[in-house]
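Chemist: pasting the sequence and the predicted coordinates here, then a few questions.
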Amino acid sequence: MELRQLRYFVTVVEEGNFTRAAARLHLAQPGVSAQIRQLERELGQPLLDRGGRTVTVTEVGRAVLPYARAALAAAEGIRQSVDEFSGLLRGRVRVGLVSGASTRRFDMASLLADFHDAHPQVEISLTEDTSERMLDALHRGELDLAVTGLVAEEPPPGISVRLVVDEPLVAAVAADDPLLGTYPAGGSIPLAALRDRALISLPRGTGLRGVLERACAEAGFRPRIAFEAAAPPVLERLAARGLGVAVIPPPADGASAGLRTLALAAPQPRGRVALTWRTDGPAAPAARALLARLRGTLPVPGADAAPPEETQEPSPAPRPRRQQPSGARVRPAG
């Protein structure tokens with residue numbers, strides 16, 4: 001049994017597909033398959049079920065998986081302990097990013113590139129997904145950090161947050177929308193006035209969508225979502241063409257061409273985006289270093305001089321002692 005076989009096995013389980021796992025490992029797919037087959041022969045049991053459209057773990061594979069991850073973590077710990085003596089930072093950091101978050105308010109690509117320039121031995125993987133799935137991935141240890149949308153005022157149990165965006169949502173409509181006859185552009189509108197309107201929103205599972213659904217429930221109705229898109233600028237364009245009312249953060253440059261906005265009230269939903277991590281903190285030094293970098297460089301909502309708002313702050317993980325041991329699709333909503 002070799003560490004590389006365990007690494008291939010864990011990667012295939014996480015990707016659910018041999019081709020994607022091979023691409024992530026920068027290897028040919030037949031070689032990955034052959035090594036896992038060899039591991040299964042050595043153990044005398046199949047670890048993966050290859051019969052369906054996706055690869056899944058067998059009952060034996062599910063039992064083996066935590067031990068495989070522990071073995072890989074132990075090997076990485078040995079490397080990190082040695083690196084402490086040379087000051088070298090390396091390893092793999094897994095980052096999640098909610099769809100549409102890294103737009104005009106912060107440039108996540110530049111932040112990650114700057115970190116990689118400073119630490120070229122650190123491999124960074126970036127996954128774009130819904131907030132709901134990424135928070136689950138944080139809990140399972142499949143992500144180290146994630147920028148997600150928040151629905152509730154308090155973070156989920158076991159998750160710490162540092163707010164990045166906190167702003168009221170607005171109703172964006174075309175310039176000739178009938179709503180403007182009752183509620184002039186630049187004014188406010190009660191959320192209940194959208195009860196019978198076709199709405200345009202981010203997909204289900206995103207923080208903004210969860211905020212909208214929760215606010216509508218408080219106002220006594222269920223929103224009728226006509227169109228979904230993963231990026232707020234696309235929502236703006238759909239609304240400007242008269243396809244519905246977009247519930248979005250305020251456009252960065254005011255109203256776009258052909259678009260008018262109304263503040264929402266009673267209740268006033270807010271769009272909140274946060275850097276999130278497990279409260280017990282990332283274990284790997286590379287992940288801890290990236291977390292510290294992002295907490296210091298991501299924007300802070302509100303006053304320029306206000307300190308970052310953080311919740312459930314973890315204690316810093318201790319450094320190892322130097323002693324001998326005793327990794328916009330747009331669609332009509334159905």
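Modeler: Received it, and whenever you're ready, just let me know what you need.
Chemist: count of neighbours near Val57?
Modeler: Neighbourhood size, Val57 [other Cβ atoms under 10 Å]: 18. Bear in mind the C-beta positions are built from the backbone N, C-alpha and C, glycine included.
Chemist: okay, it: pLDDT?
Modeler: pLDDT, Val57: 92.
Chemist: any chance you could map the helices in this protein?
Modeler: 3-15, 18-25, 29-43, 59-86, 108-118, 131-140, 179-182, 207-219, 232-240, 285-297 (DSSP state H).
Chemist: for these, give me a markdown table that also has distance to Ala152 and mean neighbour count.
Modeler: Output for the helices of the chain, formatted as a markdown table (distance: least, Cβ to Cβ, whole Å; neighbours: other Cβ atoms under 10 Å):
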| stretch | distance to Ala152 | mean neighbour count |
| --- | --- | --- |
| helix 3-15 | 28 | 20 |
| helix 18-25 | 33 | 18 |
| helix 29-43 | 41 | 16 |
| helix 59-86 | 30 | 14 |
| helix 108-118 | 24 | 14 |
| helix 131-140 | 11 | 19 |
| helix 179-182 | 29 | 13 |
| helix 207-219 | 8 | 20 |
| helix 232-240 | 21 | 22 |
| helix 285-297 | 21 | 18 |
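Chemist: worst average pLDDT in the ones you listed?
Modeler: helix 59-86 (a mean of 84).
Chemist: tell me what it is packed against?
Modeler: Packed against helix 59-86 by the contact rule (3 or more Cβ pairs under 8 Å, 6 or more residues apart in numbering; DSSP states H and E) you find helix 3-15, strand 91-98, helix 285-297.
Chemist: mind giving me the packing neighbours of the last one?
Modeler: To tie it back to what came earlier, the one meant is helix 285-297. helix 59-86, strand 91-98, helix 108-118, strand 122-129, strand 145-150, strand 270-278.
Chemist: quick one: which of the helices of the chain is nearest Thr279?
Modeler: For the helices of the chain, proximity to Thr279 was assessed by Cβ to Cβ; helix 131-140 is nearest, at 10.0 Å.
Chemist: adding distance to Pro267, write the helices of the chain out as a markdown table.
Modeler: Below are those laid out as a markdown table (distance: least, Cβ to Cβ, whole Å):
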| stretch | distance to Pro267 |
| --- | --- |
| helix 3-15 | 39 |
| helix 18-25 | 42 |
| helix 29-43 | 51 |
| helix 59-86 | 43 |
| helix 108-118 | 30 |
| helix 131-140 | 20 |
| helix 179-182 | 18 |
| helix 207-219 | 5 |
| helix 232-240 | 20 |
| helix 285-297 | 30 |
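Chemist: which one, of those, ends up nearest to Arg278?
Modeler: Nearest of the helices of the chain (Cβ to Cβ): helix 131-140, 5.7 Å.
Chemist: so how far is that closest one off the chain centroid?
Modeler: 8 Å (Cα atoms, centre = their mean, to the nearest Å).
Chemist: got the angle for that helix vs helix 207-219?
Modeler: 110 degrees (axes from the mean of the first three to the mean of the last three Cα atoms, to 10 degrees).
Chemist: now helix 131-140 against strand 145-150, angle please.
Modeler: Using the same axes, to 10 degrees: helix 131-140 against strand 145-150 is 140 degrees.
Chemist: tell me which other helices or strands helix 131-140 touches.
Modeler: Using 3+ Cβ pairs under 8 Å, 6+ apart, helix 131-140 sits against strand 91-98, strand 122-129, strand 145-150, strand 159-168, helix 207-219, strand 270-278.
Chemist: let's see 6 Å
Modeler: Helix 131-140 sits against strand 145-150, with contacts defined as 3 or more Cβ pairs under 6 Å, 6 or more residues apart in numbering; DSSP states H and E.
Chemist: re earlier: what would the helices and strands packed on helix 285-297 look like in a markdown table with distance to Arg24?
Modeler: A markdown table is the format used below for these (distance: least, Cβ to Cβ, whole Å):
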| stretch | distance to Arg24 |
| --- | --- |
| helix 59-86 | 14 |
| strand 91-98 | 10 |
| helix 108-118 | 17 |
| strand 122-129 | 8 |
| strand 145-150 | 18 |
| strand 270-278 | 22 |
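Chemist: report the contact partners of Thr56.
Modeler: Counting by Cβ atoms under 6 Å, 6 or more residues apart in numbering, Thr56 touches Asp49.
Chemist: state the distance from it to Ala113.
Modeler: According to Cβ to Cβ, to the nearest Å, Thr56 stands 35 Å off from Ala113.
Chemist: how about Arg195?
Modeler: Counting by Cβ to Cβ - Arg195 and Ala113 are separated by 45 Å.
Chemist: and what of Pro46?
Modeler: In terms of Cβ to Cβ, Pro46 sits 42 Å off from Ala113.
Chemist: now Arg94
Modeler: 17 Å.
Chemist: just Ala263 next, same as before
Modeler: 37 Å.
Chemist: what does Thr279 give?
Modeler: Taken as Cβ to Cβ, the span from Thr279 to Ala113 is 28 Å.
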